[in-house]
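> could you look at this predicted model? Sequence included:
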Amino acid sequence: MIVALLLVVYVSWVGAQTHHVVGGDRGWAKSSEVRDWLSDKVFRVGDKIWFIYSAAQEGVAELRSKEEFESCDVSNPIKMYTDGLDSVPLDGEGIRYFTSSKTESCKDGLKLHVDVQPTSEIGSVATSETFAETLAEGPSAPSAAAHISALSPLFLMGLLICYFGP
């Protein structure tokens, strides 16, 4: 019964969107190997990316250009994210650049280049079979990172409930 309830919540919450938790189960941190996490991701218009990090230690800057991104120039960002739990809607096609708000962390590789593709009609809604298979498989060794994207909406919902209260 609980699984069925979670399934209904998951499918209705996801809709045509994919919620990407940047860095997987480690979140936005130097130790998360963001480049590796990014390697199999496809971002589409309507998706959301979530940055989860310690606000006391990190922040996220969205930059205007590839040059700023490559040089880690965070002096003139489009937007700074500092809450520790930030949702960024991907509302248009094109390339977006995110880096750590700390130049040193950015130069150490804490940055994300997102190429937002048009929406896809095929496969845009999660199916109950996909969710049930993910639950049945459980975490894989050595990391559960491969499964976090399928479960990330539930994870985020739990974080939000903990953060804002029931």
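Received, thanks.

> where along this structure do the strands fall?
Under the criterion DSSP state E, the chain contains strands at 19-21, 43-44, 48-52, 60-63, 79-81, 85-89, 94-100, 111-117.

> flag the shaky bits of this protein, pLDDT-wise.
1-16, 121-166 (pLDDT under 70).

> any idea how many residues pack against the closest residue to Tyr53 other than its chain neighbours?
For Tyr53, ignoring the flanking residues on the chain, the nearest one in space by CB to CB, 6 or more residues apart in numbering is Trp28 at 4.0 Å. Heads up, the C-betas are built off the backbone N, CA and C, glycines and all. The tally of other residues near Trp28 (other CB atoms under 10 Å) stands at 26.

> quick one: contacts for Trp28?
When the contact criterion is CB atoms under 8 Å, 6 or more residues apart in numbering, the partners of Trp28 are 22, 34, 51-53, 58, 60, 100, 110.

> what residues sit buried inside stretch 87-104?
88, 90, 96-102 (16 or more other CB atoms under 10 Å).

> again but with stretch 34-47, I slipped
Quick answer for stretch 34-47 (16+ other CB under 10 Å): 34, 37-38, 43-47.

> among these, which lie within helices?
Counting by DSSP state H, the part of these found in helices is 34, 37-38.

> of those residues, closest to Val74?
Val34 (15.9 Å; CB to CB).

> so how far is Gly46 from the closest one?
To Gly46, Val34 is 22 Å away according to CB to CB, to the nearest Å.

> likewise Ser54?
29 Å.

> got it, and Ser120?
10 Å.

> equivalent analysis for Gln57, please.
Gln57 is 31 Å from Gly46, by CB to CB.

> hmm, Leu85 is touching Ile52, no?
Yes: counting by CB atoms under 8 Å, Leu85 touches Ile52, with 5.7 Å between them.
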